[in-house]
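K.L.:
structure for this input, please:
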Amino acid sequence: MSRIGRLPIDIPAGVTVAVDGQQVQVKGPKGELNLVVSRPIEVKVEENQVLVTRPDDERESRSLHGLTRTLISNNIIGVTQGYTKGLEVVGTGYRVAQKGSNIEFALGFSHPVLVEPPAGIAFTVEGNNKVTVSGIDKQAVGEAAANIRKIRKPEPYKGKGVRYAGEVVRRKAGKSGK
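P.N.:
Numbers count the residues shown, from 1 in each chain. Take a look at the predicted model:
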């Protein structure tokens, strides 16, 4: 039995979880998230807890059991606390500025790069080299942060580029002279 899948999920105060067949809807103070559960997995709400069960021990059922429980748990955390991901811009002349809800990067290209937030995501800029991506959907926050990092990944020689907060960039030695 999946150790993660069989754990019940406690529903905090102010959050409602509605199950309609394979649809799970989570409403909370920060918003509302929907999840479509894959076919063999069953979700029930009993006594202020969400229970995820599987009908058999087939390989697909086992693999989806823990995943489904974690996705529902992430939705509950998202509508109560939300998710944030920090990014740092490192490099001489590299900077970021807030332009309304968009952010504008100067990353050594011949032009500034303007990034618009996807639906449900908010960008905040601290100083001129820190960006925080926040929202209620964990997957959307991570994807938005990854797309920003993809504009200019940190390079291994000087470490310049956009990196996650706390990310350690492995550095390489340059060419050695004679």
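
K.L.:
the lengthiest strand in the chain: what's the following helix or strand?
P.N.:
When the chain is parsed with DSSP state E, its longest strand is strand 83-90. Per DSSP states H and E, the first helix or strand lying C-terminal to strand 83-90 is strand 95-99.

K.L.:
list the contacts of that next one.
P.N.:
89, 103-106, 114, 123-125, 128-131 (C-beta atoms under 8 Å, 6 or more residues apart in numbering). Yep, even glycine has a C-beta here, placed from its N, CA and C like the rest.

K.L.:
roughly how far apart are residue 59 and residue 162?
P.N.:
39 Å (C-beta to C-beta, to the nearest Å).

K.L.:
and those two? Which one has more around it.
P.N.:
Using other C-beta atoms under 10 Å as the criterion, residue 59 and residue 162 rank with residue 162 on top: 24 against 7.

K.L.:
can you give me phi and psi for that one?
P.N.:
phi -100, psi 130 (degrees, to the nearest 10).

K.L.:
distance of it from residue 139?
P.N.:
Applying C-beta to C-beta to residue 162 and residue 139 gives a distance of 20 Å.

K.L.:
understood, closing this out.
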